[in-house]
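only geometry, no sequence info:
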């Protein structure tokens, strides 16, 4: 039978996997999932291995893969023994407890951020290491993909994308920095090999795998997701992944990085961007080395194979904050139940109205009568069915923040509550807060075309519509909510297959688009979102239910840079208030 690719993505709460045929690595033949527990900031690495074994046992013998491609969460610290077994729980990227250690490392190495090409803080594995070394530590890894490879007996590896999240990699040379490692007190011999592509063959095993099964280390989840959404084999996203580890000192030459000579005919992907909504969230663009985005605030630049870079504006908690809101505010509602709550009562912004029906409605009613009907409907509907702003300013930073400000001590907030707000309003405000946090990085306006959104959050129609309203351009879910699996499969195909499969542009493959909506008249109790953020801008009130250009008496949402900057300013003010309140003696509240 034909060989199959098994793509595996180890997320924060579960392992997702899919089988692909190498000739079509964008269409999964079968998807699988295995959940495992997490405390939020730590995880048992053996749970990753147990989840992977469950996935393997669920695959029939006649469908066992001949190629395995691994990706997953990045920026973890996993301490193991010499055989690759964890000696302590893995510290996850969400842990920001190493604040003091990060400060010390900055003092020891003032050019730490220049070396690594990124801002560094408490969730850097370099700082995490300084908190203390578990007994029995003989090697370190930085995520589940490398851990599974080690448990398979393939040695200690990390892909270059994950390596660039550790605070230990010299971004210019794509190799470990001896200066950073020395400052952090981390022996170089403990570090894994920076590798891309095939890292080895599976040996004797009890998993039902053939002993010549090849294992590919795909880019970490952000890189794999970007490949799945924006790229394809031969597109240049991978930059021509090799089939052997690069080691700790090898890097593409300056000419190769500048010209992309390893990838003949690759096309430029600059300014190609997308949004990811998983436990964390980000907006990402793929740029040539040396390019810098014009974003305000803090962002990350991650290495991709072949000399390209993935530039990311990331919030630490996106879907994680939405999940918290469903559990604590909506009484444990599922994502589908929460969406239904936002769409109930036939809210105008969520009704499926065909073009024919819309035209018929327009013929049957005058503009004046239609406006009156809109006002009457608004009076009857609850706040949550309005397409406009909820009236609540939400900051989603449950675990510190990276963008649009970077502060490990940042906390979340819901500001502006009144007696008229419902639980559904609070949930919708949380979704709005994530969109507004990422908005300063996203090119706004319809001239930028459709914005792809992927990850589990892309299944939420209300969330997509909120993004469309906030950035003033159409958005659409990418074809696969788990694009990282497609990206991992493409990485395997790039490495192992002579046939090049070009994945089409996101616009041609996106699902139903969600347009920024227009509104004839904002309800007095529900100010349009930008009016709060940008009261002195030239923007006009939010418009409703119009995927087409508005009539002369309607106005597009004023998605100005000033409005988004004002939201970032609100986050800064919240942090100042938070610190001021923390100085009040606790005895006052006894």
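Thanks, I have the structure now. Since the structure is predicted, the reported quantities are computational estimates derived from the model, not experimental observations.

For the rest of this, base every contact and every neighbour count on C-alpha atoms.
Will do.

And the helices in the stretch 351-500 of the chain?
For the stretch 351-500 of the chain, the helices defined by DSSP state H, counting those that start in this stretch cover 355-364, 367-380, 423-438, 461-471, 483-496.

what's the fourth one packed up against?
Contact analysis of helix 461-471 by 3 or more Cα pairs under 8 Å, 6 or more residues apart in numbering; DSSP states H and E lists helix 335-343, helix 423-438, strand 475-477, strand 513-514 as its packing neighbours.

And for residue 17, the neighbour number?
By the criterion of other Cα atoms under 10 Å, residue 17 has 27 neighbours.

quick one, what contacts the nearest residue to it once chain neighbours are set aside?
Distances taken as Cα to Cα, 6 or more residues apart in numbering place residue 8 nearest to residue 17, at 4.4 Å, with adjacent residues excluded. Neighbouring residues of residue 8 by Cα atoms under 8 Å, 6 or more residues apart in numbering: 15-18, 68-72, 485, 488.

okay, the angle between the helix or strand harbouring residue 8 and helix 483-496?
Residue 8 belongs to strand 5-10 when elements are defined using DSSP states H and E. Using axes from the mean of the first three to the mean of the last three Cα atoms, to 10 degrees, the direction of strand 5-10 lies 140 degrees away from that of helix 483-496.

Pairing partners for strand 5-10, with directions?
Here strand 5-10 is paired, per DSSP bridges, with strand 14-20 (antiparallel), strand 67-72 (parallel).

could I get these as JSON lines with distance to residue 409?
Putting the strands paired with strand 5-10 into JSON lines (distance: least, Cα to Cα, whole Å) gives the following:
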{"stretch": "strand 14-20", "distance to residue 409": "27"}
{"stretch": "strand 67-72", "distance to residue 409": "26"}
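
hey, which of those is tucked in deepest?
Most buried of the strands paired with strand 5-10 by mean neighbour count (mean count of other Cα atoms under 10 Å) is strand 67-72; its value is a mean of 28.

what's the helix or strand just after that one packed up against?
Next along the chain after strand 67-72, taking DSSP H and E as the criterion, comes strand 78-80. Judged by 3+ Cα pairs under 8 Å, 6+ apart, the packing partners of strand 78-80 are strand 90-91, strand 139-141.

Export the ones you listed as JSON lines, with columns for distance to residue 180, mean pLDDT and mean neighbour count.
Putting these into JSON lines (distance: least, Cα to Cα, whole Å; pLDDT from 0 to 100; neighbours: other Cα atoms under 10 Å) gives the following:
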{"stretch": "strand 90-91", "distance to residue 180": "20", "mean pLDDT": "97", "mean neighbour count": "24"}
{"stretch": "strand 139-141", "distance to residue 180": "15", "mean pLDDT": "99", "mean neighbour count": "25"}
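
Next, format these as JSON lines and append distance to residue 99.
JSON lines is the format used below for these (distance: least, Cα to Cα, whole Å):
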{"stretch": "strand 90-91", "distance to residue 99": "14"}
{"stretch": "strand 139-141", "distance to residue 99": "21"}
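
Show me the one of the ones you listed that comes nearest residue 467.
Residue 467 lies closest to strand 90-91 among those, at 31.8 Å (Cα to Cα).

So which elements touch the closest one?
The helices and strands touching strand 90-91, judged by 3+ Cα pairs under 8 Å, 6+ apart, are strand 42-43, strand 78-80.

can I get the contacts of residue 8 in a markdown table with pLDDT?
Shown next, in a markdown table, are the contacts of residue 8 (pLDDT from 0 to 100):
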| residue | pLDDT |
| --- | --- |
| 15 | 95 |
| 16 | 95 |
| 17 | 96 |
| 18 | 95 |
| 68 | 96 |
| 69 | 97 |
| 70 | 98 |
| 71 | 98 |
| 72 | 97 |
| 485 | 94 |
| 488 | 95 |
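
got the contact list for residue 177?
Here residue 177 is in contact with 115, 168-170 (criterion: Cα under 8 Å, 6+ apart).

Which members of those are positioned in strands?
If you go by DSSP state E, the contacts of residue 177 have 169-170 in strands.

So which of the helices and strands packed on helix 461-471 has the densest surroundings on average?
Mean neighbours per residue, mean count of other Cα under 10 Å, is largest over the helices and strands packed on helix 461-471 for strand 475-477, with a mean of 29.

so what strands line up beside it?
strand 451-454 (parallel), strand 513-514 (antiparallel).

ranking these by mean pLDDT, which is last?
Least confident of the strands paired with strand 475-477, judged by mean pLDDT, is strand 513-514 with a mean of 64.

hang on, the earlier thing: between the helices and strands packed on strand 78-80, which gets nearest to residue 417?
Ranking the helices and strands packed on strand 78-80 by proximity to residue 417 (Cα to Cα) places strand 90-91 first, at 35.8 Å.

List of residues touching that closest one?
41-45, 76-79, 128.

please redo it, this time with the cut-off set to 10 Å
With Cα atoms under 10 Å, 6 or more residues apart in numbering as the test, strand 90-91 has contacts from 40-46, 75-80, 123, 125, 128-129, 141-144.

Buried ones among those?
Buried subset of these (neighbour count, 16 or more other Cα atoms under 10 Å): 41-46, 75-80, 123, 125, 128-129, 141-144.

Was I right to think residue 338 contacts residue 330?
Yes: if you go by Cα atoms under 10 Å, residue 338 and residue 330 touch, sitting 7.5 Å apart.

Next, show the common contact partners of the two.
Common neighbours of residue 338 and residue 330 (Cα under 10 Å, 6+ apart) are 424, 427.

Backbone dihedrals for residue 228, please?
phi -70, psi -30 (degrees, to the nearest 10).

Nearest residue to it in space, please, no chain neighbours.
Residue 228 sits nearest to residue 487 (Cα to Cα, 6+ apart), 3.9 Å away.

ditto for residue 298
residue 403 is the one closest to residue 298 (Cα to Cα, 6+ apart), at 5.5 Å.

so who does that neighbour touch?
For residue 403, the contact set (Cα under 10 Å, 6+ apart) comprises 282, 296-300, 312-316, 397, 437-441, 568.

Show the buried residues in those.
Taking 16+ other Cα under 10 Å as the criterion, what is buried in the contacts of residue 403 is 282, 296, 298-300, 312-316, 397, 437-441, 568.

Give me the subset of those that lies in strands.
The strands, defined by DSSP E, take in 282, 300, 312-315 from the buried ones among the contacts of residue 403.

Which of the residues you listed sits closest to residue 454?
Among those, residue 282 lies closest to residue 454 (Cα to Cα), at 10.1 Å.

correct me, but that closest one touches residue 275?
Yes: Residue 282 is in contact with residue 275 according to Cα under 10 Å; the separation is 5.7 Å.

Quick check: neighbours shared by the two?
By the contact definition Cα under 10 Å, 6+ apart, residue 282 and residue 275 are jointly contacted by 312-314, 435, 438, 453.

Confidence-wise, which of those comes last?
Among the shared contacts of residue 282 and residue 275, residue 314 has the weakest pLDDT, 85.
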